[in-house]
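Engineer: Below are the sequence and a predicted model; questions follow.
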Amino acid sequence: MDIQLIAMDLDGTALCPDHASFTPRLEAALLEAHRRGVSIVPATGRQYLLLPPPIQAMPDWADLAVLCNGAEVRRLRTGEIVSAHYMAAEELAPLIRAAEQLDIPIELSVGGTLHLTQACLDRERTIEGLRFHLSVLEQRGRLVEDMESFAAGAGRAFEKANLLGVTPAVWKELSPILETLPLSYAWATSASLEVTCRAATKAEGIRTVCRLLGVDMAHVMALGDSGNDISSLTAAGLGVAMGSAPAEVKAAADAVTASNAEDGAALAIERYVLDRETASL
């Protein structure tokens, strides 16, 4: 298959379980793909300032990254914003009120910083599975007195909102509200949602990158493991889900590789990009 661009999710896909490094095998596969002229583009829910060291050290792949689930496309070297789709305060106000009524922690990302109230932070500390996220808040979290008042502050544009600890019962009440808003949303985990501008999805971000690089989406391989990757897996010429992905993510993909803990991303690149038949999925 003629893959000219690899659109690669990070957490749960390319990064090791430490959320900070690549395996040597993946590094070698990416380097070989790059040498063959394949563009490599991170497509992540992360903000620019939270990109991990392996990405910051290799900005010559294509010098582009899809960030905040497509809310931004930036140059890796300089951080220059190439394309952006942000949310306005009036779009977010009903979501903020719903989160407060349903006792769901909500965070608003502005300029790469996650803003939340003390009550939301206290609630997050009681939710299982948020150890890594809480470490992110230690780096890029900022407390605000009142979320709706903060959102209404002059000149603020919001990259994304995070809703955490969304149980099935809460989702039953929240989903009708979300459907009425001009926003996109995707499951980052089984209990956390990422909300962006309606025009912001990973697929749209990758399409922007393709236009800049002169690559057809048919020649893109997308790698991902979460609900926020479904749009890219279905839009790319080849969508590859990680073995650890939920069933709905695997169903959206053309192929399934091993988990990130088992070098699944490296295996997929070796097989579909480097044409190594020995690479078993």
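Structural biologist: Sure thing, it's come through.

Engineer: Tell me the helices and strands packed up against the longest helix along the chain.
Structural biologist: Ordering each helix of the chain by length in residues (DSSP state H) puts helix 89-102 first. Packing contacts for helix 89-102, counted by 3 or more C-beta pairs under 8 Å, 6 or more residues apart in numbering; DSSP states H and E, involve strand 106-110, helix 147-151, strand 160-164, helix 168-179. For the C-beta atoms, the positions are set from N, CA and C on the backbone; glycine is no exception.

Engineer: now with 7 Å?
Structural biologist: If you count contacts as 3 or more C-beta pairs under 7 Å, 6 or more residues apart in numbering; DSSP states H and E, helix 89-102 packs onto helix 147-151, strand 160-164, helix 168-179.

Engineer: what's the average pLDDT for that helix?
Structural biologist: Averaged across helix 89-102, the pLDDT comes to 94.

Engineer: which residues touch it?
Structural biologist: Residues outside helix 89-102 that contact it (C-beta atoms under 7 Å, 6 or more residues apart in numbering) are 106, 147-148, 151-152, 156, 158, 161, 163, 170, 173-174, 177, 181-183, 195.

Engineer: which of those are buried?
Structural biologist: For those, a neighbour count by 16 or more other C-beta atoms under 10 Å gives the buried set as 106, 147, 151, 156, 158, 161, 163, 170, 174, 181, 183, 195.

Engineer: Help me confirm that the fourth one is found in a helix?
Structural biologist: I take that to be R156. No. Under DSSP: H, G, I helix; E, B strand; the rest coil, R156 sits outside any helix and is assigned coil.

Engineer: so who does it touch?
Structural biologist: 89, 110.

Engineer: ranges for the strands of the stretch 151-281 of the chain?
Structural biologist: Listed in chain order, the strands of the stretch 151-281 of the chain (DSSP state E, counting those that start in this stretch) span residues 160-164, 183-189, 192-197, 220-224, 238-241, 255-256.

Engineer: And those: which comes nearest M87?
Structural biologist: strand 192-197 (5.0 Å; C-beta to C-beta).

Engineer: Distance from the chain centre to the closest one, please.
Structural biologist: Relative to its chain's centre, strand 192-197 lies at 10 Å (C-alpha atoms, centre = their mean, to the nearest Å).

Engineer: then stretch 90-99 to PDB, C-alphas only?
Structural biologist: What follows is stretch 90-99, C-alpha atoms only, in PDB (Å, rounded to 0.1, in the frame of the first residue of the first chain):
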ATOM      1  CA  GLU A  90     -21.600  31.400  24.700                       C
ATOM      2  CA  GLU A  91     -21.300  27.900  23.100                       C
ATOM      3  CA  LEU A  92     -19.800  26.500  26.300                       C
ATOM      4  CA  ALA A  93     -22.100  28.100  28.900                       C
ATOM      5  CA  PRO A  94     -24.900  25.500  28.600                       C
ATOM      6  CA  LEU A  95     -22.300  22.700  28.900                       C
ATOM      7  CA  ILE A  96     -20.700  24.300  32.000                       C
ATOM      8  CA  ARG A  97     -24.100  24.600  33.700                       C
ATOM      9  CA  ALA A  98     -25.000  21.000  32.800                       C
ATOM     10  CA  ALA A  99     -21.600  19.800  34.200                       C
END
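
Engineer: Now do the buried residues in the longest helix of the chain.
Structural biologist: Buried residues in helix 89-102, counted by 16+ other C-beta under 10 Å: 89, 91-92, 95-96, 98-100, 102.

Engineer: Same check on stretch 103-115?
Structural biologist: Buried residues in stretch 103-115, counting neighbours by 16+ other C-beta under 10 Å, are found at 104-110, 112-115.

Engineer: So what touches that stretch?
Structural biologist: So stretch 103-115 is contacted by 47-50, 68, 96, 99, 116, 120, 123-124, 137, 140-142, 144, 147, 150-151, 156, 158-166, 170 (C-beta under 7 Å, 6+ apart).

Engineer: and if you look at stretch 23-34?
Structural biologist: With contacts defined as C-beta under 7 Å, 6+ apart, stretch 23-34 is touched by 6, 14, 16, 40, 61, 263, 265-266, 269-270, 273-274.
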